[in-house]
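*Asks:* Structure, please.
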Amino acid sequence: GNSSVVGNVYSNGPVLGIKANSGNAGSRILGSVWAVGNIGGLNSPNSGGVYIQKNAWANNLTACLIGGNVRASSTPTNCPYTGSFGISTPPSAVSLSSVDALYWKNKALEGGVWEGDCNIASANGTDCSGGTRIIGNKKINGNLNVPSGVDLTLSGPLWVKGDINVSQNNVLSTGENMGKNSVMVVASDPDNPNIKGRVVTSSNVQFNRNSQNAGIIIISENTSVDCSNLPAIDMTSNTATVVFVAINGCINVGSNSMING
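*Replies:* This next block holds a predicted model:
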């Protein structure tokens, strides 16, 4: 949730946090949570945890603070709750809507290939935008690096066969040429799925829609579930107004980040 607007969470796995605190410094969910796995701490299952303003239903609750009712297969530990508790099996896993990343990778490939890392605004010949700071319809056989203070416009689908690294104080915008269609960006290295294909955004990164309200959707096919150290997607502070999809990996939501439903 954002600005006290309720947001609920469903997870086919765990929901883990750094600090179970209702204040601004905590890992907070302003609605209810349904987790097939555990609700607990990110760095340790039994410490830290998540503050959940409303109800929680999970397999086990090992580090949390719940403002409503609790349902779990065993009594919560290190997890005070305000409402009632009931013994229950965890929520059933459900099939989530799939994302056709292969389709968008092929669409990006139609526009050509850039060999090696693409370093936006670099003067050493490695800027795949050619100094325009506009890229799209391209496969990058390497990393996409956007340094601090560099605004970038996405004008078509991208396939980054490496990592996407966006430094602090940047604005990424959807090109006006996209009309009402969002820009699809895929980070994916089929040869190294557990290592490459990560997406890392630093503090104060802003994602702007175009005048027709089309946004940016970033997909990672990285398979890492190590949320503490190497998540598939690492959203650092103040990142907002973008859709992140980790098909088989972990998304780490950093401090002060906001997710709007």
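
*Asks:* Start and end of stretch 7-20, how far apart?
*Replies:* Chord length of stretch 7-20, first to last residue, is 17 Å (C-alpha to C-alpha, to the nearest Å).

*Asks:* do the same with stretch 172-184
*Replies:* Distance between the two ends of stretch 172-184: 13 Å, counting by C-alpha to C-alpha.

*Asks:* And that stretch, what's buried?
*Replies:* 172, 173, 174, 175, 178, 182, 183, 184 (16 or more other C-beta atoms under 10 Å). C-beta: built from backbone N, CA, C; applies to glycine.

*Asks:* Over to stretch 228-247?
*Replies:* Within stretch 228-247, the residues that count as buried by 16+ other C-beta under 10 Å are 230-239, 242, 244-247.

*Asks:* Do you have the helices of the chain handy? List them.
*Replies:* Secondary structure of the chain (DSSP state H): helices at 101-109.

*Asks:* show me where pLDDT drops low in it?
*Replies:* 1-5, 96-97, 237-241, 255-261 (pLDDT under 70).

*Asks:* if you set the cut-off to 80 instead, what comes out?
*Replies:* Along the chain, segments meeting pLDDT under 80 span 1-7, 24-25, 94-98, 228, 236-242, 253-261.

*Asks:* coming back round to it: between the buried residues of stretch 228-247, which is nearest residue 86?
*Replies:* Compare each of the buried residues of stretch 228-247 with residue 86 using C-beta to C-beta and the shortest gap goes to residue 246, at 31.8 Å.

*Asks:* so that closest one touches residue 220, yeah?
*Replies:* Yes. At 5.0 Å, residue 246 and residue 220 qualify as touching, with contact defined as C-beta atoms under 8 Å.

*Asks:* any common contacting residues for the two?
*Replies:* Applying C-beta atoms under 8 Å, 6 or more residues apart in numbering, one finds that residue 246 and residue 220 are jointly contacted by 232, 233.

*Asks:* from memory residue 230 sits against residue 224, does it?
*Replies:* Yes. If you go by C-beta under 8 Å, residue 230 and residue 224 touch, sitting 5.0 Å apart.

*Asks:* overlap in contacts of the two?
*Replies:* Shared contacts of residue 230 and residue 224, counting by C-beta under 8 Å, 6+ apart, come down to residue 198.

*Asks:* before we move on, the earlier item: with the buried residues of stretch 228-247 in mind, which one is nearest to residue 105?
*Replies:* Nearest to residue 105, judged by C-beta to C-beta, of these is residue 247 at 12.4 Å.

*Asks:* Give me the neighbour count for the closest residue to that closest one other than its chain neighbours.
*Replies:* Distances taken as C-beta to C-beta, 6 or more residues apart in numbering put residue 221 closest to residue 247, at 5.7 Å, once the chain neighbours are dropped. Close neighbours of residue 221, defined as other C-beta atoms under 10 Å, add up to 22.

*Asks:* check contacts around residue 221.
*Replies:* Residues near residue 221 by C-beta under 8 Å, 6+ apart: 101, 186, 187, 188, 189, 190, 193, 197, 247, 248, 249.

*Asks:* Against residue 167, how distant is the nearest residue to residue 43 once chain neighbours are set aside?
*Replies:* Nearest residue to residue 43, sequence neighbours excluded (C-beta to C-beta, 6+ apart): residue 228, at 5.6 Å. Relative to residue 167, residue 228 is positioned 22 Å away (C-beta to C-beta, to the nearest Å).

*Asks:* contacting residues around stretch 63-77?
*Replies:* Taking C-beta under 8 Å, 6+ apart as the rule, stretch 63-77 contacts 17, 20-22, 32, 39-41, 44-62, 78-90.

*Asks:* Let's see that with 6 Å instead.
*Replies:* 20, 39-41, 46-62, 78-86, 88 (C-beta atoms under 6 Å, 6 or more residues apart in numbering).

*Asks:* Alright, I will stop here.
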